[in-house]
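Participant: make a model of this:
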Amino acid sequence: MERQGMIGLEKLFFRYDDFTAEFDFEIARGEFVAVIGPSGSGKSTLLSLIAGFDRAQSGKIRLDGQDMTLASPSDRPVTMVFQDHNTFAHLDLWTNVALGLSPALRLDAAEKKAVDEALARTGLQALARRKPGEVSGGERQRVAIARALLRDEPILLLDEPFAALGPALRREMLDLVKALQEEKNYTVMLVSHHPEDARYAATRTAFMSNGRILAFETTQDLFARRDLPELSDYIG
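Facilitator: Residues are numbered from 1 along each chain as shown. Now for the predicted structure:
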């Protein structure tokens, strides 16, 4: 079956302590969607529900054309990059990236070449034999992006992966993700605290507040709205 890369959430309801969230939307294959909103609005929760790290109390999640509501994270057609770079301090950057292909690190020649190419595309080739403690926080975050490049999943979820990067490097990494998305026709969801990231990269943007999506439309139209006080307060 063709890998569709579609994301569909149907009347999804999630509760944790006194926080509740509800989602009902579809994202087509190949879309680049940004999710913005104030801290605590549920942006990371949304990605965790799609990836399977959190479980909703009711509703359905359809990924890649299949019902994945109860599927384990490893069975979902998803790659997720977290805020935390998730590197292993005792392994060099090359090995940290290679873990994206094989946790056992049993790689053939073609796979080793793919690791080299992922490091090169993320500007880490010269640092391949350094340990995470010997490079900057931004470079450690790029390890996670390079690892994601190696995975062949149609849906890429990014939870503020560029938070440790300055504006120029953040733009550079957005360009990298956009190039990957266009090359592979991946579906991308990017959570960011920087509205300019959405303006630069996303075809559509969702604005969240208190566990609800208050607006989900083309990025240009969203930022042109003046009828949502929550959005106006957030953008400033």
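Participant: show me the contact partners of stretch 139-153.
Facilitator: 77-79, 81-82, 85-87, 93, 96-101, 114-115, 118-119, 121-124, 127, 132, 156, 161-165, 173, 176-177, 180, 186 (C-beta atoms under 8 Å, 6 or more residues apart in numbering). Where C-beta positions appear, they are placed from N, C-alpha and C, glycine not excepted.
Participant: and it, which residues are buried?
Facilitator: Using 16 or more other C-beta atoms under 10 Å as the test for burial, stretch 139-153 gives 139-150, 153.
Participant: spatially nearest residue to residue 119, not counting backbone neighbours?
Facilitator: Counting by C-beta to C-beta, 6 or more residues apart in numbering, residue 125 is the residue found nearest to residue 119 once chain neighbours are left out, at 4.8 Å.
Participant: measure how buried the one you found is and give me the count.
Facilitator: For residue 125, the count of nearby residues is 15 (other C-beta atoms under 10 Å).
Participant: could you shift the numbering so residue one becomes 49, and keep it that way?
Facilitator: From this message on, residue numbering opens at 49, which makes the last subject residue 173.
Participant: just the buried members of the contacts of stretch 187-201?
Facilitator: Neighbour counting over the contacts of stretch 187-201 (16+ other C-beta under 10 Å) leaves 125-127, 129-130, 133, 135, 141, 144-149, 162-163, 166-167, 169-172, 175, 180, 204, 209-213, 221, 224-225, 228, 234 as the buried ones.
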